[in-house]
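1. build the 3D model from these lines:
(4 chains)
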Number of protein chains: 2
Amino acid sequence: MATDLTADLPSERARRILRILVEHYIREGQPVGSRTLSRSASLDLSPATIRNVMADLEDLGFIAAPHTSAGRVPTAKGYRFFVDTLVRLQPMAQPDVLRLQNQLEDRFRGDAKAIASAASSALSSLTSLAGVVTIPRPHHTTLRHIEFLPLSGRRVLVILVVNDAEVQNRILDMERDYSDDELRRAANFLNDRFTGRNLDEVRTQLLADLDGTREFMNRLMLDSIAIADHNQQPGLEGSGYVLSGETKLMNFQELSGVEKIKQLFQAFGEQREILTLLDRSVAAQGVQIFIGEESGYRILDECTIVAAPYTVDDQIVGVLGVIGPTRMAYERVIPIVDVTARLVGAALNAGAASGWSPGLNSDS
Amino acid sequence: MATDLTADLPSERARRILRILVEHYIREGQPVGSRTLSRSASLDLSPATIRNVMADLEDLGFIAAPHTSAGRVPTAKGYRFFVDTLVRLQPMAQPDVLRLQNQLEDRFRGDAKAIASAASSALSSLTSLAGVVTIPRPHHTTLRHIEFLPLSGRRVLVILVVNDAEVQNRILDMERDYSDDELRRAANFLNDRFTGRNLDEVRTQLLADLDGTREFMNRLMLDSIAIADHNQQPGLEGSGYVLSGETKLMNFQELSGVEKIKQLFQAFGEQREILTLLDRSVAAQGVQIFIGEESGYRILDECTIVAAPYTVDDQIVGVLGVIGPTRMAYERVIPIVDVTARLVGAALNAGAASGWSPGLNSDS
DNA sequence: CCTTGACACTCTCCAGAGGCGATTGCTAGC
DNA sequence: GCTAGCAATCGCCTCTGGAGAGTGTCAAGG
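-> Residues are numbered from 1 along each chain as shown, chains lettered A, B, ... in the order given. Below is the predicted model:
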């Protein structure tokens, strides 16, 4: 209908109308008609004029009418345009920021998962949506202590303490028996030589030593170090994410169909799809927004994910965000996700930096 | 209407009719009318006769009519009578039992939580209901190894290995500084003297030694041993239970109200109420059934919990079961819960018994 | 050329009416 | 004590019409 290139950017007036329409719809949840808009304080146009503009916006695909005589509703494209260029972000209230900061730093004690979990609840309660935080990838992991315990058969229990006080353990199946003495020597060797060192260094060093005398022990040691890499604690929710406040999603009419809720919850349970979706924001910096169909997953058709990666030492170690209906209060949610990502990064950093310092000072 | 004492036990014929009615209702989910019942193979009565009997059953409170011209539906009291005296249990199919056994024993390796989690999924998939398994209480916990690591401030990281290969860790805040040497000596002392001994013994012994020379270390040691008691791993889902297949509950019409589902899920999330309810079955032996209102929690009004404690060495260490609508296939579900409880107990036992044996042979 | 008021049209939502089907309670008869 | 028949009751479904809301369009006015 309209020329394609100029049309992509509607006129100033049309944009204002679109913004007011989206804001109104987000607030009320009802299709917005021309009369409602014309009553809006900042607009001084007759309904008829607005109707013309709305017809244009509909042609451009920004809004749609559920049926002939209902008002208009933003489409995914409309939301996209809104969040990209129209939305007026509302910075978080300072008290909220401080409270959030406390909640996160309160538990920094070595346990990254506790931080993730706290962040998830916080996101959920701040936004009244579902909060999601991926378990942080191990980053800059320094070896604190290692211990081997012989089990029956050829199994060896490896206990690994990394960073400040993060304990990981795993049972390794070995190819041959190890005597108590061997295990003790191996542990002593690693502890004496590598305590306080980065795990990557340790691995490199061990690989370099492979031509040495101890190659048969080396296998055990390398395997042990590798434990810290895939952060999947055995009993835990397989290296995934922490989700909070899912039930809040049931409050939204647009998701109220039992069938939809069911599929959504099943998707949450299976984790895979959500994870791959979250992974997409790892690539980019800052807050990413996936609106409805954009996600590519039909289950999330009427949902939006607002996500942001969080970093430690400028390295992305995880993603966090919220999941909610497309009709969410973007102007509040986006800053919340943004700030939370920063604070989680800071909290993780604090955990890593604080506390016990190894024989040699941290890195160069 | 009817005399109270004899009335409590309806006639043989009435009981048969009640049984068939409940079975039919459980199968179809629709109120059952007299005509439907009269068509039932095993019954050879006219609808009118059956109506008379049904009127009696209604007077007794076993069944009720949702409205004048619908059939009858079992009441909570009716279900209670049904499961107590009428139901014909259907033993689990042998292949299912074997599969279940495999699923549970597959992962016995020291991790009780993995077993709980596997049992929960198994329960859910076998019954198409929500499965729930409490994390087993520590039982007959034997000390395998202990390790202290100094942290910054006066914090000490305690790593405790119990049983075969269960690793627990916690950070303790101490009243004074401990030197590396002190900590090493304390660990050596405990390891030399108590490896392979029951934690209760260890505690008793330590308490007895309190008048000895090392009382300042004793505090640390006692605190460390205490860690194993409250099994609440820090980041974990606070010493609670593993729930699986909640989403399956959304398939039942009687729970389909979004509001109900929401409350139910919130209750699951908060855990407390469910836990206290489950705790009730710890007292009794065998399968316990809480039908609807009986639970005392309004949220579970239309739900039934079928639960059974599971034991290790004849000691109850946890409870497992399923949560579903009152209208569930009791004749299948009860045996499944029963068998699962036994198998979980067996799996836990296998984990404790197998493997590494301490210097001295286990108990007396 | 843009804006505006007016008008006809369309569509949803809601309430009320009526028919259908299922089931019951009651009573009379076997 | 059982059964057949009958009237009555009630929920469910569909149909209908009116009210309300919003749209598109057109011609007049700035």
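2. up against DNA strand D, what does chain A have?
-> Counting by C-beta under 7 Å from any atom of the strand, chain A comes close to DNA strand D at A:31, A:33-36, A:47-48, A:51-52, A:54-55, A:58, A:65, A:68-72. From N, CA and C alone the C-beta is placed, and that goes for glycine too.
3. is it possible to mark the buried ones in these?
-> A:31, A:33-34, A:36, A:51, A:54, A:58, A:71-72 (16 or more other C-beta atoms under 10 Å in any protein chain shown).
4. so residue A:228 is in contact with residue A:199, correct?
-> Yes - using C-beta atoms under 8 Å, residue A:228 is in contact with residue A:199, at 5.7 Å.
5. OK, contacts around the residue nearest to the spatial centre of chain A?
-> Among the residues of chain A, the one closest to the centroid is residue A:320, at 1.9 Å (C-alpha atoms, centre = their mean). Applying C-beta atoms under 8 Å, 6 or more residues apart in numbering or on different chains, we find residue A:320 in contact with A:116, A:119-120, A:123, A:131-134, A:307-308, A:310, A:337, A:340-341, A:344.
6. cool, and residue A:263?
-> residue A:299.
7. can you name the residues of the stretch 151-300 of chain A that neighbour chain B?
-> A:151-153, A:155, A:157, A:159, A:161, A:164-165, A:167, A:169, A:171, A:234-236, A:246-247, A:250-251, A:256, A:258, A:261-262, A:265-266, A:269 (C-beta under 8 Å from any C-beta of the partner chain).
8. thinking again about what came up before, mutual contacts of residue A:228 and residue A:199, please.
-> A:138, A:141, A:162.
9. mind pulling up the pLDDT for the first one?
-> Predicted confidence (pLDDT) at residue A:138: the value is 72.
10. how many residues are close by it?
-> For residue A:138, the count of nearby residues is 18 (other C-beta atoms under 10 Å in any protein chain shown).
11. assumed it was part of a helix.
-> No - with DSSP: H, G, I helix; E, B strand; the rest coil as the criterion, residue A:138 is located in coil rather than a helix.
12. just to revisit the earlier point, quick one: which of the shared contacts of residue A:228 and residue A:199 is nearest chain B?
-> The nearest member of the shared contacts of residue A:228 and residue A:199 to chain B, counting by C-beta to the nearest C-beta, is residue A:162 at 11.5 Å.
13. what about that closest one, how many neighbours?
-> 23.
14. residues in contact with the closest residue to it other than its chain neighbours?
-> Closest residue to residue A:162 apart from its sequence neighbours, by C-beta to C-beta, 6 or more residues apart in numbering or on different chains: residue A:141 at 4.7 Å. Neighbouring residues of residue A:141 by C-beta under 8 Å, 6+ apart: A:162-163, A:198-199, A:228.
15. determine the three-state secondary structure at residue A:157.
-> strand.
16. run through the bridge partners of it.
-> Per DSSP bridges, the residues bridged to residue A:157 are residue A:149, residue A:171.
17. who's in contact with it?
-> Residue A:157 sits in contact with A:148-151, A:169-172, B:110, B:161, B:165, B:167, where contact means C-beta under 8 Å, 6+ apart.
18. which of those ranks first by neighbour count?
-> residue B:110 (26 neighbours).
19. export stretch A:157-177 to PDB, keeping only CA atoms.
-> Provided in PDB are the C-alpha atoms of stretch A:157-177 (Å, rounded to 0.1, in the frame of the first residue of the first chain):
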ATOM      1  CA  LEU A 157      36.000 -39.600  44.600                       C
ATOM      2  CA  VAL A 158      37.500 -36.300  43.700                       C
ATOM      3  CA  ILE A 159      36.800 -33.300  45.800                       C
ATOM      4  CA  LEU A 160      37.700 -30.000  44.300                       C
ATOM      5  CA  VAL A 161      37.600 -26.600  46.000                       C
ATOM      6  CA  VAL A 162      37.900 -23.700  43.600                       C
ATOM      7  CA  ASN A 163      37.800 -20.000  44.000                       C
ATOM      8  CA  ASP A 164      36.900 -18.800  47.500                       C
ATOM      9  CA  ALA A 165      34.900 -21.800  48.700                       C
ATOM     10  CA  GLU A 166      33.100 -23.600  45.900                       C
ATOM     11  CA  VAL A 167      33.200 -27.300  46.500                       C
ATOM     12  CA  GLN A 168      32.700 -29.600  43.600                       C
ATOM     13  CA  ASN A 169      32.900 -33.400  43.700                       C
ATOM     14  CA  ARG A 170      32.600 -36.200  41.200                       C
ATOM     15  CA  ILE A 171      33.300 -39.900  41.100                       C
ATOM     16  CA  LEU A 172      35.800 -41.000  38.500                       C
ATOM     17  CA  ASP A 173      36.000 -44.400  37.000                       C
ATOM     18  CA  MET A 174      39.700 -45.300  36.600                       C
ATOM     19  CA  GLU A 175      41.300 -47.800  34.400                       C
ATOM     20  CA  ARG A 176      43.400 -49.300  37.100                       C
ATOM     21  CA  ASP A 177      43.600 -49.400  40.900                       C
END
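20. ok now that stretch, how far from the chain's centre?
-> 28 Å (C-alpha atoms, centre = their mean, to the nearest Å).
21. next one: stretch A:85-96
-> That offset, for stretch A:85-96, works out to 20 Å (C-alpha atoms, centre = their mean).
22. cool, and stretch A:72-82?
-> 24 Å.
23. other SSEs contacting the strand or helix carrying residue A:307?
-> Assessed by DSSP states H and E, residue A:307 sits inside strand A:303-312. Packed against strand A:303-312, as judged by 3 or more C-beta pairs under 8 Å, 6 or more residues apart in numbering or on different chains; DSSP states H and E, are the following elements: helix A:272-283, strand A:288-291, strand A:315-325, helix A:330-353.
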